[in-house]
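Enquirer: Give me a model of this one.
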Amino acid sequence: MENKKILPLGSVVYLREGNKKLLIIARGLVAKNGDGHVYFDYGGVPYPEGLVDDKMAYFQHDAITKVVFEGYTDLDDEATIEKINLFVENHPEIPRGDVKQLLNK
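Expert: Next up, the predicted model:
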C-alpha cells in the first residue's frame, strides 16, 4: 500500500465549503458514531483563535482546498505518519467518516 500524504501538525488549511482557516492539531482520529466508529484524517481548530469550548472540527484530506502553511516535520513526524498509515491499512473495518453524517447523530 502506498503511504497516504498526511500534513504535519501545525499546518493551516482551508476546507471545501469553508471560509475560515483551520489549524491541524490532531491526525488519525477514530470517533464514535452511533454504535460504531469512523476514521478521520484530521482534527482542527479555527485559526487564529485556537481551541474554543473544547470544539474541534473533524475532516478528511480530500476536503482541503488550500494549504496556507505546512507545519514542521522531522523523522519523528515521518514515523508517526507511517504508524497512522499502518493503522488505516490494518483496520479496514473502520470506515472513513463523513462529517455531515456525524453532525446528524
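
Enquirer: Tell me which residues are up against stretch 43-55.
Expert: 12-13, 20-27, 29, 56-59 (CB atoms under 8 Å, 6 or more residues apart in numbering). Where C-beta positions appear, they are placed from N, C-alpha and C, glycine not excepted.

Enquirer: ok, 6 Å please
Expert: For stretch 43-55, contacts defined as CB atoms under 6 Å, 6 or more residues apart in numbering pick out 12, 20-26, 29, 56-58.

Enquirer: ok, and for that stretch, which residues are buried?
Expert: 43-47 (16 or more other CB atoms under 10 Å).

Enquirer: Show me what the lengthiest helix in the chain is packed against.
Expert: Counting by DSSP state H, the longest helix found in the chain is helix 75-90. Helices and strands touching helix 75-90, by 3 or more CB pairs under 6 Å, 6 or more residues apart in numbering; DSSP states H and E: there are none.

Enquirer: What residues of stretch 86-94 count as buried?
Expert: Under 16+ other CB under 10 Å, the buried positions of stretch 86-94 are 88, 94.

Enquirer: I meant to write stretch 18-25 there.
Expert: 21-25.

Enquirer: how about the helices in this structure?
Expert: Under DSSP H, the chain gives helices at 75-90, 99-103.

Enquirer: circling back to that earlier point, closest to residue 72 out of the buried residues of stretch 18-25?
Expert: Residue 72 has its nearest neighbour among the buried residues of stretch 18-25 in residue 24, at 11.6 Å by CB to CB.
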